[in-house]
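Colleague: task: produce atomic coordinates for the following.
(one chain, ligands or ions: 1)
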Amino acid sequence: MSTLGYWDVRGLAEPIRLLLSYLKVQYTEKLYQFDSNEWIDQDKQTLDHSFPNLPYYIDGDVKIVQSTAIPIYIIKKHQRYDLIGENIDGTFNQREIKVIEMIGVINDIRTQIIRLCFNPDFKKLRENYFAANISGLLNKVVDFLGQKDYLLDSLTYADFIFYDTIILLFYLYPQSKCQALIDYTKRFENIDGIKQYVETPHSYDKYFFHKIYASWSGPNSD
Ligand SMILES: N[C@@H](CCC(=O)N[C@@H](CS)C(=O)NCC(=O)O)C(=O)O
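Modeller: Below is the predicted model of the structure:
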């Protein structure tokens with residue numbers, strides 16, 4: 001059985017967990033305690049990754065790091081080329097480029113959120129940060145989504161990252177909730193495999209802010 005290693009938070013592993021659940025892949029999780037050095041002390045040295053990092057994925061002899069590479073491996077292994085828009089015979093496909101472009105756009109939004117979360121001035125910066133750094137690109141993505149069910153013409157891996165990004169945004173910035181995004185998350189949560197995942201309680205937290213900022217327990221707690 002394959003193993004996904006990450007901290008016991010959603011973070012960069014969450015879209016991968018959603019993907020594995022959607023594909024109904026049986027896997028075990030190695031959850032490292034966010035506030036311990038277990039990963040640093042032991043597995044970082046011994047797991048024999050070329051570039052040790054979290055998340056990692058181990059499947060038999062295959063050992064992968066990087067949250068961008070892991071899903072590509074899983075998608076290809078399970079021959080769900082549609083999720084990355086690739087032609088089965090490997091020939092050039094304009095759609096594949098669109099999927100990679102969309103993943104980049106969504107990751108740009110995520111990067112802005114991560115920059116905020118790890119900033120020591122988090123509490124002070126948080127309020128104006130959404131308008132200054134996130135809402136412009138988010139609105140463009142919402143416009144692009146329009147009336148479609150998914151970001152592109154059918155479900156792709158970009159949706160897995162987008163869904164998790166929205167959940168994070170809804171928590172951090174309740175004002176980011178708009179009907180189009182609420183409908184989108186409900187639609188995504190209804191997909192077979194995803195539905196079971198979101199309905200199952202997990203040992204890791206939905207949000208990780210309180211692990212970074214012990215005193216912060218939500219948007220209204222400032
Ligand atoms: N580019 C990497 C970034 C990975 C990364 O920054 N991982 C953080 C958690 S989100 C970590 O704590 N890595 C463990 C380490 O640096 O030892 C990816 O996308 O997987």
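Colleague: only C-alpha atoms for contact and neighbour calcs from this point on.
Modeller: Noted.
Colleague: now for Gln26: which residues touch it?
Modeller: 1-2, 20 (C-alpha atoms under 8 Å, 6 or more residues apart in numbering).
Colleague: and it, what pLDDT?
Modeller: What the model reports as pLDDT for Gln26 is 96.
Colleague: measure stretch 181-200 end to end?
Modeller: 22 Å (C-alpha to C-alpha, to the nearest Å).
Colleague: before we move on, back to that, turn the contacts of Gln26 into TSV, including neighbour count, secondary structure and pLDDT.
Modeller: TSV is the format used below for the contacts of Gln26 (neighbours: other C-alpha atoms under 10 Å; DSSP: H, G, I helix; E, B strand; the rest coil; pLDDT from 0 to 100):
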residue	neighbour count	secondary structure	pLDDT
Met1	9	coil	93
Ser2	15	strand	97
Leu20	20	helix	98
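Colleague: tell me where this protein has helices.
Modeller: In the chain, the segments counted as helices under DSSP state H are 14-22, 38, 44-46, 69-77, 94-117, 122-129, 135-145, 157-172, 179-189, 194-199, 209-212.
Colleague: which of those helices comes out lowest on mean pLDDT?
Modeller: helix 209-212 (a mean of 58).
Colleague: quick one: closest of the helices of the chain to Tyr56.
Modeller: Among those, the nearest to Tyr56 by C-alpha to C-alpha is helix 69-77 (7.4 Å).
Colleague: tell me the one of the contacts of Gln26 nearest the ligand?
Modeller: Nearest to the ligand among the contacts of Gln26, counting by C-alpha to the nearest ligand atom, is Leu20 at 16.3 Å.
Colleague: now the residue nearest to Ile97 when sequence neighbours are not counted: how far from Glu127?
Modeller: In space, and not counting its chain neighbours, Ile97 is closest to Gly85: 7.9 Å by C-alpha to C-alpha, 6 or more residues apart in numbering. Distance, Gly85 to Glu127, using C-alpha to C-alpha: 37 Å.
Colleague: now do Gly104
Modeller: Taking C-alpha to C-alpha, one finds Gly104 at 25 Å from Glu127.
Colleague: interface residues of the protein facing the ligand?
Modeller: Counting by C-alpha under 6 Å from any ligand atom, the residues of the chain lying close to the ligand are 11-12, 53-55, 66-68.
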